[in-house]
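1. predicted structure and sequence below. I'll ask about it afterward.
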Amino acid sequence: MKSTYIKAIEAQKLLGVSNTTFYKLIEQNILPSIRTGDKLRVNRADVEALNRTGWVWNANSQAD
């Protein structure tokens, strides 16, 4: 099965998070990403898996 990588804006909509929160997910390795040139992409399956967990962003429990 081939992986489908999606744009940041599409992942943000699927997760229901802001641009800032999306990039915090990337920085904290909660959501894996790849760069192709200057474009950031995430695997749709990873986004859907994060949604299935019932994950909710909690700014107070950020990893340092």
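-> It's in. Numbers count the residues shown, from 1 in each chain.
2. please give me every residue in contact with the nearest residue to residue 14 once chain neighbours are set aside.
-> By the measure of CB to CB, 6 or more residues apart in numbering, the closest residue to residue 14 outside its immediate chain neighbours is residue 47, 5.2 Å from it. In this view, the C-beta of every residue, glycine as well, is placed from N, C-alpha and C. Neighbour list for residue 47: 6, 11, 14, 15, 31 [criterion: CB atoms under 8 Å, 6 or more residues apart in numbering].
3. please apply the same query to residue 48.
-> By CB under 8 Å, 6+ apart, the neighbours of residue 48 are residue 14.
4. check the one 3 residues further on too.
-> The neighbourhood of residue 51, defined by CB under 8 Å, 6+ apart, consists of 14, 15.
5. sec struct for it, please.
-> The local conformation at residue 51, judged by DSSP: H, G, I helix; E, B strand; the rest coil, is helix.
6. any idea how far it lies from residue 18?
-> 16 Å (CB to CB, to the nearest Å).
7. what does residue 25 give?
-> To residue 18, residue 25 is 11 Å away according to CB to CB.
8. same thing with residue 56?
-> For residue 56, the distance to residue 18 under the criterion CB to CB works out to 14 Å.
9. which one of the two is surrounded by more residues?
-> The residue with more neighbours, out of residue 56 and residue 18 and counting by other CB atoms under 10 Å, is residue 18; that gives 11 against 7.
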